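> Quick one, structure for this:
(2 chains)
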Amino acid sequence: MEEEKKVEFRYPLRRDELDPNRWRSTQAGMWAWLWQRISALAIIVLLAIHVTLPHRPLIQFLLLLTVVFHVTLGLRVILLDFGLVNVKYQKALIGGLAALGAVIFVLVWTGVY
Amino acid sequence: MANHAPKTRIIKVFRYDPAVGGPGHFDRFELKTDDESLTTILDVLIRLQKTQDLSLAFRYACRVSMCGSCGMVINGREALACKTILADLKGEEVTIRPLNHFPVVKDLVVDMEPFFRKYEEGLTYFHAARERSEPAIIRPDSRERRVIESSTECIACGCCVSSCTMANWHKDYLGPAALNRVFTLLADSRDGLHEERLARSLGSCYHCRTELNCTEVCPKEISATRAIKYIQRLAAKEVLKPGSTVRSDLRELMPPQSTAPAALTPEPEDLLPAVPPPTLASRREFLSRTTLGIAALTIVFLGGVLAATALAPTLRKRPEKWVDVGQAEDFPAGSVKTAQIRYPVKDGFYESTVSKPVFVSHQENPDQFTVFNSRCTHLGCMLHWDDGKNLFICDCHGGQFKPDGVVKAGPPPRSMDRYLTMVQDGHLFVQEA
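Numbering: from 1, shown residues only, chains lettered A, B, ... in the order given. Got it, this is the predicted structure:
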């Protein structure tokens, strides 16, 4: 009777485990997601500084910039979520909304200061 | 322009031997090809196996990107080996490794069992809504068919699951491939398991973080993200629908299989430990409590900041502000004169200068100045001094005040308001609130 031999599996590879090319081949969609997370953390930090040290132009500049950036990426996800824009335009959305965000940022900044 | 000259490349291939175990390593091969634009990665692997290392293990069948057997990670990106042309890969080195998130059997061969288990969990088989004697007709230009688009083309190669970071972090996530298949059935009007299928994907369709990695790597150019978004919208509509019976815990509500043996061997209930079994509900409870806690903290924090901002200026003791009215000698005894006072005010961002008239009366007592506010105490109109009548007069409603500020006629309810005064170095100062 042949005994069933147990195959020794290697545990599943993780995304960037043992792969020197992984981050280089990371695509726009994932960067957008990652940068939105990073900007969210930046907003928390900048907001705390802003509340404790109000009326500092540099802090306000950075906070507004981060918020606009975060909102830009968030709007993209909302548009994709609700099917208002076809998924195939996701990369164009990053650039397009970022440009729109930059214009709004300049208008708000020059309007207030 | 593709370069058709012979070229030598360094090929690094992931090796894992189940007899040896361990984390595995990369083997380095050098391979000369006559024409890279006519060479696929699958050709490279076959050639390496034939000429350099017989033990190299990889999986393939059709060689024309139809079967989905040769999915692997090539230069950090999931692709079918048979569809990837060597000339399209930049750099001197080519790194080939097995798909992520699947147990590695040997070298580039992975165990696809988790993939198809997820497939099963999603009820990804067709179940007719009703018996038909004739085939159902779904026209190619119908809305339904156009929504499903190319999603039915999936060859289950596993590239999307390997590229999805969420498939790694959420073990209960059905993953892009299974959800794409679920989507093709959910959008199918002939399908008879709509609610069950939706219930199966409810819990996991929101694990998608819209990274679109699966869309990027799919060799069949299917967008699993689009499919998942469709399921998410469907799920949102279903949950909002009153009286909907579709719930993600539908599975838990179904009688579990373990009840049958339990009924055969009845145990006195008081002997069982009163510890509730760990379920998905406890996780859900934990998450909802955490969310509520964070919401409460946010409200307390923001409320505190707002309250402090609103109340602090009123509680703070204001420094006394003395405003220069002019040289004391400009206001001779026995006269009433109008003077302008000016002082800066700062409010948040804005700085401005307040300029307003006051009346300086040097009549009652030669040593003492009386400075009146120029506003009428009736409705706040501007008063003016009438030298002839010797009265302060308000033009709005005919209010009149005597030189000492007491009401003489008209509607004003009380005497004119006075400032606190001070004379210092020959200058007259008033205190402004």
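> Quick check on B:I74: phi, psi?
phi -110, psi 120 (degrees, to the nearest 10).
> Might one say that it is in contact with B:V94?
Yes: look at B:I74 against B:V94 with C-beta atoms under 8 Å: they come within range, at 6.9 Å. Where C-beta positions appear, they are placed from N, C-alpha and C, glycine not excepted.
> Next to chain B, which bits of chain A? Give me the list.
A:7-15, A:17-30, A:33, A:51, A:55, A:77, A:80-83, A:86-88, A:90 (C-beta under 8 Å from any C-beta of the partner chain).
> so where's chain A shaky on pLDDT?
A:1-6, A:113 (pLDDT under 70).
> How is chain B partitioned into domains?
B:7-110, B:113-129+B:145-253, B:321-432 (automatic domain parsing).
> For those, give me a markdown table that also has mean neighbour count, mean pLDDT and distance to chain A.
Output for those, formatted as a markdown table (neighbours: other C-beta atoms under 10 Å in any protein chain shown; pLDDT from 0 to 100; distance: least, C-beta to the nearest C-beta, whole Å):
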| stretch | mean neighbour count | mean pLDDT | distance to chain A |
| --- | --- | --- | --- |
| domain B:7-110 | 18 | 93 | 3 |
| domain B:113-129+B:145-253 | 20 | 88 | 3 |
| domain B:321-432 | 15 | 84 | 7 |
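> Nearest to B:L292 among the ones you listed would be which one?
Among those, the nearest to B:L292 by C-beta to C-beta is domain B:113-129+B:145-253 (18.7 Å).
> The closest one: how far from the chain's middle?
22 Å (C-alpha atoms, centre = their mean, to the nearest Å).
> one step back: so which of the residues of chain A next to chain B belong to helices?
A:28-30, A:33, A:51, A:77, A:80-81, A:90 (DSSP state H).
> Among those, which one sits closest to chain B?
Proximity of these to chain B, judged by C-beta to the nearest C-beta, is greatest for A:G29, which lies at 3.1 Å.
> list the contacts for the nearest residue to that closest one once chain neighbours are set aside?
Leaving aside its sequence neighbours, A:G29 sits nearest to B:L212 (C-beta to C-beta, 6 or more residues apart in numbering or on different chains; 3.1 Å). Neighbouring residues of B:L212 by C-beta atoms under 8 Å, 6 or more residues apart in numbering or on different chains: A:27-30, A:87, A:90, B:223, B:225.
> at 7 Å instead, please
A:29, A:90, B:225 (C-beta atoms under 7 Å, 6 or more residues apart in numbering or on different chains).
> now do B:I231
B:179, B:182-183, B:186, B:201, B:205.
> hmm, try it at 6 Å
Residues in contact with B:I231 (C-beta atoms under 6 Å, 6 or more residues apart in numbering or on different chains) are B:183, B:201, B:205.
> which residue sits closest to residue 77, ignoring its sequence neighbours?
In the absence of a named chain, chain A is used. B:T210 (5.0 Å).
> other chain: chain B
A:S25 (4.3 Å).
> How many neighbouring residues does the one you found have?
A:S25 has 16 neighbouring residues, counting by other C-beta atoms under 10 Å in any protein chain shown.
> separation between it and B:A312?
Using C-beta to C-beta, to the nearest Å, A:S25 is found at 53 Å from B:A312.
> Next: B:R414.
The gap separating B:R414 from B:A312 is 32 Å, by C-beta to C-beta.
> Please verify my assumption that B:H207 contacts B:M166.
Yes: between B:H207 and B:M166 there is a contact under C-beta atoms under 6 Å: 5.0 Å.
> Which neighbours do those two have in common?
Shared contacts of B:H207 and B:M166, defined by C-beta under 6 Å, 6+ apart, are found at B:Y173.
> centroid residue for chain B?
Nearest to the mean C-alpha position of chain B, by C-alpha atoms, centre = their mean, lies B:R209 at 9.4 Å.
> is it fair to say that residue lies in a strand?
No: under the criterion used here (DSSP: H, G, I helix; E, B strand; the rest coil), B:R209 is coil, not part of a strand.
> now it: how far from B:I228?
B:R209 is 10 Å from B:I228, by C-beta to C-beta.
> Please apply the same query to A:V85.
Separation of A:V85 from B:I228 (C-beta to C-beta): 15 Å.
> Check A:G74 too.
Taken as C-beta to C-beta, the span from A:G74 to B:I228 is 18 Å.
> ok, back up a step: quick one: the residue nearest to the centre of chain B and B:A227, what's the gap?
In this structure, B:R209 and B:A227 are 15 Å apart, going by C-beta to C-beta.
> can you pull the buried residues of the top helix by length along chain B?
Longest helix in chain B by number of residues (criterion: DSSP H): helix B:280-315. Residues of helix B:280-315 classed as buried: none (neighbour count, 16 or more other C-beta atoms under 10 Å in any protein chain shown).
> I'd like the mean pLDDT over that helix, please.
In this model, helix B:280-315 has a mean pLDDT of 86.
> Which strands and helices lie in contact with the helix or strand following that helix?
Sequence-wise, the next helix or strand downstream of helix B:280-315 (DSSP states H and E) is strand B:321-327. Strand B:321-327 sits against strand B:336-347, strand B:427-432, with contacts defined as 3 or more C-beta pairs under 6 Å, 6 or more residues apart in numbering or on different chains; DSSP states H and E.
> can you rerun that using 8 Å?
Under the contact definition 3 or more C-beta pairs under 8 Å, 6 or more residues apart in numbering or on different chains; DSSP states H and E, strand B:321-327 sits against strand B:336-347, strand B:350-365, strand B:427-432.
> which residues are contacting the second one?
Around strand B:350-365, the neighbours that count as contacts under C-beta under 8 Å, 6+ apart are B:325-326, B:331-345, B:369-374, B:382-383, B:385, B:392, B:403-405, B:416, B:419, B:428, B:430.
> And the contacts of stretch B:298-306?
Residues outside stretch B:298-306 that contact it (C-beta under 8 Å, 6+ apart): A:V51.
> Any idea how far it is from the middle of the chain?
Relative to its chain's centre, stretch B:298-306 lies at 21 Å (C-alpha atoms, centre = their mean).
> Extract the CA atoms of that stretch and return them as CSV.
Taking Å, rounded to 0.1, in the frame of the first residue of the first chain, the C-alpha atoms of stretch B:298-306 are listed here in CSV:
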residue,chain,number,x,y,z
THR,B,298,-13.6,63.2,17.6
ILE,B,299,-16.7,64.9,18.7
VAL,B,300,-15.3,65.6,22.2
PHE,B,301,-12.0,66.8,20.7
LEU,B,302,-13.5,69.0,18.0
GLY,B,303,-16.2,70.2,20.5
GLY,B,304,-13.5,71.1,23.0
VAL,B,305,-11.5,73.0,20.4
LEU,B,306,-14.6,74.9,19.2
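> Which residue ranges of chain B form helices?
Along chain B, the segments classed as helices by DSSP H run B:41-51, B:113-121, B:143-148, B:159-163, B:165-169, B:175-186, B:194-205, B:213-217, B:224-240, B:250-253, B:259-264, B:280-315.
> Just put the ones you listed in TSV and tack on distance to B:A87.
Formatted as TSV, the helices of chain B follow (distance: least, C-beta to C-beta, whole Å):
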stretch	distance to B:A87
helix B:41-51	11
helix B:113-121	30
helix B:143-148	35
helix B:159-163	21
helix B:165-169	30
helix B:175-186	29
helix B:194-205	39
helix B:213-217	19
helix B:224-240	28
helix B:250-253	49
helix B:259-264	61
helix B:280-315	49
